[in-house]
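Q: pasting the structure only:
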């Protein structure tokens with residue numbers, strides 16, 4: 001008797017249902033222990049997030065979450081979409097009346113107020129696909145799509161991530177003074193200069209509408225964005241994100257490497273098209289001698305440190321206690337006010353001019369999105385690390401433990417005396 005694949009699935013799924021339960025639609029959840037599930041469409045009633053796995057007894061206020069949402073919201077300046085949304089968050093569950101987390105799921109909602117669906121439904125955009133937009137691929141996958149606002153492919157979906165990311169940011173700060181900060185490091189070919197990864201602040205980033213802490217570069221970036229915006233076009237670039245005071249040991253070999261998790265997190269953001277960790281592709285131009293981050297002992301703390309940080313704070317997929325540095329490339333917004341050739345849903349070739357309200361450059365509003373995904377990834381990795389490796393204390397004598405590693409680590413008794421040359425024989429595949 002022949003059994004079709006569909007028939008096989010139908011026959012076997014009931015038997016394994018108790019062992020495997022899909023709790024959220026495919027592709028809408030992120031994280032293993034600290035886990036979010038986002039929901040809602042751009043022009044629906046609202047968007048939001050369910051956050052599960054948050055530790056209990058953490059004080060969190062609506063105002064703390066709103067800070068990051070305000071940095072993400074539309075209508076901030078002339079180089080962002082003019083859609084006027086307050087993006088006021090409502091916390092529906094997971095906190096007691098005093099604002100303390102209960103350890104139960106935290107649900108947060110932001111209601112949509114200023115959607116203009118007629119901009120999509122009363123013109124050719126209701127039947128024609130926007131070039132390089134998710135219109136066509138959503139239709140190919142589901143056979144139906146949310147035409148107004150782009151549905152789940154809209155950047156409005158990231159509201160839930162940013163709200164949950166604000167809680168993750170609070171956890172990281174409380175745990176080890178971890179700071180997560182991002183900035184616009186490149187607009188087309190204009191690169192930020194003179195940005196100290198160790199010292200730049202959120203105030204430096206938010207001091208201009210481009211969100212680049214280098215004022216001179218920010219001015220040139222703004223001129224380029226304005227030039228493109230006035231021509232009815234769009235422009236892309238790069239966001240750099242730095243996480244400071246991250247302890248060593250986060251990330252797991254081989255498929256759950258920290259940089260692999262970060263790459264997935266960042267590439268899930270709308271319009272993201274590239275990811276680099278540390279020196280990334282530029283590192284391919286160096287030799288091993290030039291690229292390697294040589295170790296040294298911090299003369300004050302006795303901790304193991306690196307003289308340079310071309311690895312971006314991650315080696316072998318595990319954090320080494322230095323700054324984690326990543327770069328995320330964002331493409332130009334696909335909806336533009338210039339005429340483009342495309343096709344309709346029924347297969348006719350047509351010309352289309354985009355309408356509606358859209359960012360000429362996504363980079364300024366991508367900053368809190370990148371920060372949120374970094375924070376969410378780090379908290380998840382931190383909780384996984386504590387669950388596996390810190391369940392039982394390491395009671396071995398200090399002489400048998402590895403030397404503490406990273407910017408916030410300290411060796412008991414201070415640094416050891418400097419040793420001599422060590423010859424290491426290596427035989428790896």
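A: Yes, it's here. Not measured: the values here are computed from a predicted model.

Q: right, and residue 165 touches residue 377 too?
A: No: Residue 165 is beyond contact range of residue 377, at 9.7 Å (criterion: C-beta atoms under 8 Å). Every C-beta, even on glycine, is put in place using the N, C-alpha and C of the backbone.

Q: and what about the residue most central in space within the chain, helix, strand or coil?
A: By C-alpha atoms, centre = their mean, the chain has its centre lying nearest to residue 373, at 2.8 Å. Here residue 373 is recorded as helix under DSSP: H, G, I helix; E, B strand; the rest coil.

Q: now do the contacts for it.
A: Residue 373 makes contact with 161, 165, 262, 265-266, 268-269 under the criterion C-beta atoms under 8 Å, 6 or more residues apart in numbering.

Q: mind checking which of those residues are in helices?
A: Mapping these onto helices (DSSP state H) picks out 161, 165, 262, 265-266.

Q: among those, which one has the most neighbours?
A: residue 165 (30 neighbours; other C-beta atoms under 10 Å).

Q: tell me how far that residue lies from residue 96.
A: 22 Å (C-beta to C-beta, to the nearest Å).

Q: same deal with residue 140?
A: Distance of residue 140 to residue 96, computed by C-beta to C-beta: 46 Å.

Q: next one: residue 37
A: For residue 37 relative to residue 96 (C-beta to C-beta), the value is 22 Å.

Q: the two: who's more crowded?
A: Using other C-beta under 10 Å, the more surrounded residue of residue 37 and residue 96 is residue 37, with 20 against 10.

Q: now the helices for the stretch 51-200 of the chain?
A: Assigned by DSSP state H, counting those that start in this stretch, the stretch 51-200 of the chain shows helices spanning 62-72, 118-121, 135-142, 158-176.

Q: between those, which gets the lowest average pLDDT?
A: Sorting these by mean pLDDT places helix 118-121 lowest, at a mean of 49.

Q: look up how far residue 251 lies from the closest residue to residue 311 other than its chain neighbours.
A: Nearest non-adjacent residue to residue 311, counting by C-beta to C-beta, 6 or more residues apart in numbering: residue 278, 4.8 Å away. As for residue 278, its distance to residue 251 is 14 Å (criterion: C-beta to C-beta).

Q: what touches both of these two?
A: Common contact partners of residue 278 and residue 251 (C-beta under 8 Å, 6+ apart): residue 314.

Q: follow-up on the earlier one: the residue nearest to the centre of the chain and residue 169: what is the separation?
A: 11 Å.

Q: same thing with residue 133?
A: With the distance defined as C-beta to C-beta, residue 133 ends up 31 Å from residue 169.

Q: which of those two has more residues huddled nearby?
A: More crowded of residue 133 and residue 169, by other C-beta under 10 Å: residue 169, with 26 against 17.

Q: number of residues surrounding the nearest residue to the more buried one once chain neighbours are set aside?
A: Spatial nearest neighbour of residue 169, chain neighbours left out: residue 375 (4.8 Å); criterion: C-beta to C-beta, 6+ apart. Using other C-beta under 10 Å, residue 375 is surrounded by 30 other residues.

Q: could you dump the ones in helices among the contacts of residue 373 into TSV and include distance to residue 79?
A: As requested, the ones in helices among the contacts of residue 373 are exported to TSV (distance: C-beta to C-beta, whole Å):
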residue	distance to residue 79
161	22
165	23
262	27
265	25
266	22
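
Q: ok, those vs residue 314, which is closest?
A: Taking C-beta to C-beta as the measure, residue 314 lies nearest residue 262 of the ones in helices among the contacts of residue 373, at 8.2 Å.
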